[in-house]
Structure formats: C-alpha cells, structure tokens
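Engineer: Okay, predicted coordinates and the sequence, questions at the end:
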Amino acid sequence: MDWLNAVIQGLLLGGQYALLACGLSLIFGVMRIVNLAHGVIAVAAAYVALWLVQDGSVPLLLALVVVVPVFAAAGYALQRGLFNPALGGGELAPLLVSFGLGIVLTNVLQQVFSADSRSIGIGSLGTSSVPLAPDLSVGVFSLLTFVVGVGVIAAVQLFLSRTSTGRAMRATSDDPETAQLMGIDQRHLYGVATAIAIGTVALAGVFVGMSTQFSPTYGDLVLIFAFEAVIVGGLGSLWGTLLGGLVLGVAQTVGAQVDPAYGILAGHLVFLAVLLVRPSGLMPRTVTA
Amino acid sequence: MEAPLLRVEHLAKAYGQVVTARDVSFDVAAGEALGVVGPNGAGKSTLLNLVTGTARSDGGTLLLDGQDVTRWSAPRRSAAGVGRSYQVPRPFAGMTVFENVLVGARFGGGHGGREARRLAIDALERTGMAHLANTPAGRLRLLDRKRLELARALATGPRLILLDEIAGGLTDAELPELVALVAELRDAGLAVVWIEHIVHALLQVVDRLMCLALGDVVAIGDPATVMRDPRVVEVYLGSTVDPGPAAAS
C-alpha cells in the first residue's frame, strides 16, 4: 500500500509539474525559445499573490483572478518588447535575453521581498484529505492542483487544435516564413502565445506558493523540474509535457519511498535515462503544438 | 490592358557578392500571365521572395495596384492580395490539408468562420484536393504537395499569384490539367507570374515572357519573340559563361 500511495502522490505531484511546464512547452513549441526566466516568473507570481492576500483583505481566489491576467499581459509585453527583437539575432539571442531577465527578476524579488522563505497560507485546504481506501487518502489540495494542471493542458491543447489563432500558431511553428505568406503576423501571434504561457505559469506559481515554501531563488528548481517534464515528454507536444510531468512526479515520490533523500535524485535519473534511450522524448511532436 | 496590378521598378538585391537582382523592372496587369525563364541562379526565386516580402530589397520600388508596398511586411502583402507557391512545397506538415488551406483563408483572406471554410473548400475543389482534406499534409505525395501549395495560395484570395515551378515533376497526363488551371486563374482576372523550366507548358498560357540571367532582365515581351532573341538563346546555351563547344552546337 505504501508503494501504491507513493505512485498516487507522484501522479498528483506530476500534475503540478505539468502545470508548471505547460508554458515552457508552448513557448518552445511555437517560437523555439527556451525561456530560462520561466521558473522565476512562476515565483514572482507567487510573491504577487502573497502580497495581495497577506493582510487578509483580498481572498485568494480573487488574487488568482488578478494575477493570471496581469501576468498574461506582461507576457505579451515581454514577447513584443524583448523576445521578438531578440529573435532576429540568431538562436542564442532569445536564450541569453531570457537568462538575463531571470537574473534581473530574481534580484528584484530579493530586493522587494527579501531572501526569506515564504508561503501562501491556505488554511484547512492544505491539511484536509479524501480517503480512497482504508489505508489510502489523497490531499484535497494536491488533487485540486492535479485537476487544474490537466485542465489547463487540455484547454491549451484544445485552443491550439480548434481555434483559428491556435491553427496560426501551429502553422508558424511548422514554417514561420510560409505562415507569413498566409497573412499571419508573427509579432502579434508570438505575443499571444507568450501571454498564454506566462498566464499559465503564473497560475502554476501561485499553486507552488500554496503548496511549499519558496524564496526568490526557488525559481531555479522550478525551471529544472519544468524543463525535465518538457524534455521527458518530448519537445513541443503538450500531452507529452503532461506525461513528462507525471513520469517525473512518480519517479520522485517512488524514489523518496526507497529513501527520503533519493526523491529528487530519482527524478533526475529518470530524466537522464529518457535522454539516453529516447532523446526525442516519450511523445515527440505528432500533432504540433 | 488596364493599369498594372504589380509594378516593379529598379529592384535590386545582393547577397554579399552574389547579385540576384540588378535593376529589375517589369509590370503585370490583372488578367495577365507573365512567364519567367532563366538558367539556375538567375534570381527567379529571389524575385518572388522580394515581391512577397520574405526577402527585403536593397533598392527599388514595388507598387501593388498603384500603392507603394516596398516597406510592407509579408503578412500585410498577403492580406493585400499577394499569394505564392514554393518550388519545393512547404506544407504545414503537422496540420491536415484542410487546416493548411483554412489558415490561408482566415489570415490571408481575412475571412472569419463560415466564409473562411467555404473559401478553403472552394480552393481545395479548384485544385482537385477535396478528397484529401483530412489527410495530414506531411503524408502527401509530391504531386499533391504541389497542388496544396496552389490551393493554399488561392485560399488567401490573391489578386496576384506567384508560381514557382509548379509543373516540375508532373507527368505528361497531368500537365494539361495544370496549364488549364493557371489559364483559368488568369482569365478570372488574377495577375499571374509563373516561373517554369518546362517552357512548352509555360508558353501555352503566358501573355508575355521575361528572361532573367544573373539578376538581369535579358529580354521581356511577346513570348515567341523573346524565345528567338539571340541574347536569350545565348543565355540558355551558356555561352556567356563558358564559350566552349556548346555555343557552336
């Protein structure tokens, strides 16, 4: 039962990783940009939510309703103002820009919020659980995170496959030059893609802030987990990213079941094993995203 | 003949030392087909890139329907009615044939929902691709990829269509069908610029012919006259490059 419990906890944790990784996967899938600021953006969203709710006047749900659109709008601005100009400078330029942005953001967070660890209090939601079997129960909050993670991935995937803007993103992902000949304005489209990506990672960041202690440098760990989920799943496929998140989550909890110190290491080992055996990931691009 | 739909004036483009367009000027009217011939490296495909806006010219002016579009982006030119097909087909491989065409109708044509779908279906039917609508474009054979290039360009609702070697690879049985389609487009009032190595197919449709070599316009005008032009003959036999036995033959 302990092992089954570990697997179930891992799947739920994986839902959180998938939620974190969704935006990273989308930005890479559409624009071939590896956004190294991804993790710290998630942490920044957690800080903003914490700042909104800490004196008790703003309910947490309202904070989410504010944070996600604000970050999405900032994502659009980020794309138009920083990434789009960098895209003209070769493959390395956007990577360096996002690296620099990550450093700047981390330091701004340290200045404003100090380097202390914080967390967003969620009261009884954090401790209540649902029994599945006599010896088996799952936390309500973990379950909620999982449902949100799967829901967000499904929604973004549906957006990509069913809407005209989504189709334009897939077309641009396939062949940017030909997409231009179809009348697709990449600058705006890339802005929309990054807005969605940053909106989802802001949501993910607030969930992280509610589930664990975070500090300005916590973004590094978030980036690594998100990155591993994307690579394990296969670059540029959102369902793959979900699968990657689940595999990573299960690897960590099962590893921790063997020895509590091995959890994160087990995740890294599975990541390396996938890179060795299937370098293109478990679900490489079939339907592009 | 009406005022030209496309007017190209003194267009220039060089990639480093390689000149792909040197003072190229011509125009094409609505309802007119201009054929373009020339040896490899003459600058034919670059010329199309300059007109669609995927390459930036170093100098010169492009007028579309009297409007200066030289500084317009490629998407803006597409929306204004410039469509093209690539010599080596470039389908959106991860999307179905219908989605490929739909993207063109939606963004290039600027139509929403139902109207975009209708235009997409129409473009597929005109090019004989309707039965393949739900096939992933990446799985098409070469001929169908070429047809898809044309269908997608048509779906954007072009007033000017640029065709890059669409006849290459077709069988003798398929060729007349394609020639008829291009003639139909021209007769429907589109301005057509058609680059083609299969000259006999080209000559069945085009109203005028232009010969390019090393970025220069060697000759332009009545197709039969251009084909007989000594300078054109010289370019084709390569005597300007290599005055060897080939020139004598």
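Structural biologist: Looks like it came in fine.
Engineer: how much space between the nearest residue in space to A:Leu87 that is not next to it in sequence and chain B?
Structural biologist: Once flanking residues are discounted, A:Leu87 sits nearest to A:Pro94: 5.9 Å by C-beta to C-beta, 6 or more residues apart in numbering or on different chains. (Each C-beta comes from the backbone N, C-alpha and C, glycine too.) To chain B, A:Pro94 is 20 Å away according to C-beta to the nearest C-beta, to the nearest Å.
Engineer: show me what contacts A:Pro94?
Structural biologist: The contact partners of A:Pro94, by C-beta atoms under 8 Å, 6 or more residues apart in numbering or on different chains, come to A:Met31, A:Ile33, A:Val34, A:Phe83, A:Ala86, A:Leu87.
Engineer: Excluding covalently adjacent residues, which one is nearest to A:Leu96?
Structural biologist: Nearest to A:Leu96 is A:Ala86, by C-beta to C-beta, 6+ apart, at 7.7 Å.
Engineer: neighbours around that neighbour, how many?
Structural biologist: 18 (other C-beta atoms under 10 Å in any protein chain shown).
Engineer: measure stretch B:221-234 end to end?
Structural biologist: 17 Å (C-alpha to C-alpha, to the nearest Å).
Engineer: Write out the residues of chain B neighbouring chain A.
Structural biologist: Applying C-beta under 8 Å from any C-beta of the partner chain, one finds that chain B approaches chain A through B:52-54, B:73-76, B:78-79, B:83-84, B:86, B:90, B:92-95, B:99-100, B:102-104, B:106-110, B:112, B:116, B:152-153, B:156.
Engineer: Show me the residues you listed that map onto helices.
Structural biologist: B:52, B:74-76, B:78-79, B:99-100, B:102-103, B:116, B:152-153 (DSSP state H).
Engineer: which stretch of helix or strand covers residue 206?
Structural biologist: Picking chain A for this. helix A:186-211 (DSSP states H and E).
Engineer: that answer is for a different chain, and I need it for chain B
Structural biologist: Using DSSP H and E, no helix or strand contains B:Val206.
Engineer: Leaving out sequence neighbours, find the closest residue to it.
Structural biologist: B:Val206 sits nearest to B:Gly35 (C-beta to C-beta, 6+ apart), 3.5 Å away.
Engineer: Out of the ones in helices among the residues of chain B next to chain A, who's the most crowded?
Structural biologist: B:Arg152 (34 neighbours).
Engineer: any idea which of the contacts of A:Pro94 is closest to chain B?
Structural biologist: Distance to chain B, by C-beta to the nearest C-beta, is smallest for A:Leu87 among the contacts of A:Pro94, at 14.3 Å.
Engineer: ok, now which ones touch the closest one?
Structural biologist: A:Leu87 is in contact with A:Met31, A:Ile33, A:Ala93, A:Pro94, A:Tyr190, counting by C-beta under 8 Å, 6+ apart.
Engineer: what's the helix or strand for the third one?
Structural biologist: So the one you mean is A:Ala93. helix A:92-113.
Engineer: same question, B:Leu181
Structural biologist: helix B:175-187.
Engineer: circling back to that earlier point, counting neighbours, what do you get for the residue nearest to B:Val206?
Structural biologist: 24.
Engineer: Okay, and the beta partners of it?
Structural biologist: Note on B:Gly35: beta-bridge partners by DSSP bridges are B:Trp194, B:Leu209.
Engineer: For it, give me its contacts.
Structural biologist: Taking C-beta under 8 Å, 6+ apart as the test, what B:Gly35 contacts is B:Trp194, B:Ile195, B:Glu196, B:Leu202, B:Leu203, B:Val205, B:Val206, B:Arg208, B:Leu209, B:Met210, B:Pro223.
Engineer: please redo it, this time with the cut-off set to 6 Å
Structural biologist: B:Gly35 makes contact with B:Trp194, B:Leu202, B:Val206, B:Leu209, according to C-beta atoms under 6 Å, 6 or more residues apart in numbering or on different chains.
Engineer: Make JSON lines from those and add pLDDT, neighbour count and distance to A:Ala266 to it.
Structural biologist: Shown next, in JSON lines, are these (pLDDT from 0 to 100; neighbours: other C-beta atoms under 10 Å in any protein chain shown; distance: C-beta to C-beta, whole Å):
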{"residue": "B:Trp194", "pLDDT": "95", "neighbour count": "25", "distance to A:Ala266": "61"}
{"residue": "B:Leu202", "pLDDT": "92", "neighbour count": "22", "distance to A:Ala266": "65"}
{"residue": "B:Val206", "pLDDT": "94", "neighbour count": "25", "distance to A:Ala266": "68"}
{"residue": "B:Leu209", "pLDDT": "94", "neighbour count": "25", "distance to A:Ala266": "70"}
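Engineer: any idea how far the residue of the stretch 101-250 of chain A found nearest chain B lies from B:Gly31?
Structural biologist: Relative to chain B, the nearest point of the stretch 101-250 of chain A is A:Gly183 (3.4 Å; C-beta to the nearest C-beta). From A:Gly183 across to B:Gly31, the span is 23 Å (C-beta to C-beta, to the nearest Å).
Engineer: Those two - which one has more neighbours?
Structural biologist: Neighbour totals were compared for A:Gly183 and B:Gly31, and A:Gly183 leads with 26 against 17 (other C-beta under 10 Å).
Engineer: Who are the contact partners of that one?
Structural biologist: By C-beta under 6 Å, 6+ apart, the contact set of A:Gly183 is B:Pro75, B:Ser78, B:Ala79, B:Phe107, B:Gly108.
Engineer: Can I take it that it is in a strand?
Structural biologist: No. Using DSSP: H, G, I helix; E, B strand; the rest coil, the assignment for A:Gly183 is coil, not a strand.
Engineer: Which pLDDT does the model give the residue lying closest to it once chain neighbours are set aside?
Structural biologist: Leaving aside its chain neighbours, A:Gly183 sits nearest to B:Gly108 (3.4 Å; criterion: C-beta to C-beta, 6+ apart). Looking at B:Gly108, its pLDDT reads 87.
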